[in-house]
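Asks: Give me coordinates for this.
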Amino acid sequence: MPTTSSSKKKTAVVKKAAKKTPAKTPSKAATNGFHPGTYIVPRGHVSIAVPTFWTLRQTNDDIQVESEASETTVIVTAYQRNEGVKDLDARDYLMHFLETAPVVGKVHPGDSNRKHSSARFRDEEGDNWSVRFLSNGQTLVLATCHSNRPMTSREGRTGVAVLDSIKLKARA
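Replies: Residues are numbered from 1 along each chain as shown. Alright, predicted model coming up:
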């Protein structure tokens, strides 16, 4: 079958496009090496990664992800804005949380803006805490990671990675 110049041009264009597309690389695993499954709440606006062998439990009010040894726990609670109330601001709720928390020593603040705020601290019993607030204006998510171990331990790093994995869908 003879080829026409237009079919040669189409083939050349496809080959050039294929060369410009970078090769796909395997997706990068989380920094601590676990390959989590993802849990999405029934309404579909919050998701959280659950590490292998960690326990996921959902109650009426929150989601709990707990390590095998039960020494590190991540608890996620969501709040909805009522009509007539201003948009929910993550910074305001973090400041209020830290005012009422049993903090011993220095609080290590993280990034802070209207959509997300975070901090790390130790309590009176020497336990380590990492706290995150996420907001899209309508929904506010409080996520806490509590560990009896240092946050630099493998279990502590995994708990913080679970906090990092929490996603809140943007406001529609």
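
Asks: count of residues packed around D62?
Replies: Residues lying near D62 (other C-beta atoms under 10 Å) number 14. Glycine gets a C-beta too; all of them are placed from N, C-alpha and C.

Asks: What does the pLDDT read for it?
Replies: The predicted structure scores D62 at 86 on the pLDDT scale.

Asks: per-residue confidence for the residue lying closest to it once chain neighbours are set aside?
Replies: Closest residue to D62 apart from its sequence neighbours, by C-beta to C-beta, 6 or more residues apart in numbering: T77 at 4.3 Å. You'll see T77 listed with a pLDDT of 87.

Asks: and the one helix or strand T77 maps to, what other elements does it pack with?
Replies: Following DSSP states H and E, the helix or strand that holds T77 is strand 72-80. The contact analysis (3 or more C-beta pairs under 8 Å, 6 or more residues apart in numbering; DSSP states H and E) places strand 72-80 against strand 46-50, strand 62-66, strand 139-147, helix 154-165.

Asks: which stretch among those comes nearest R114?
Replies: strand 139-147 (10.9 Å; C-beta to C-beta).

Asks: List the strands paired with the closest one, with their directions.
Replies: strand 72-80 (antiparallel), strand 128-135 (antiparallel) (DSSP bridges).

Asks: hmm, back to that, looking at the helices and strands packed on strand 72-80, which is closest to P102?
Replies: strand 139-147 (11.8 Å).

Asks: contact partners of the closest one?
Replies: By C-beta atoms under 8 Å, 6 or more residues apart in numbering, the surrounding residues in contact with strand 139-147 are 45-46, 71-81, 88, 90, 93, 97, 127-135, 151, 153, 155-156, 159-160, 162-163, 166, 168.
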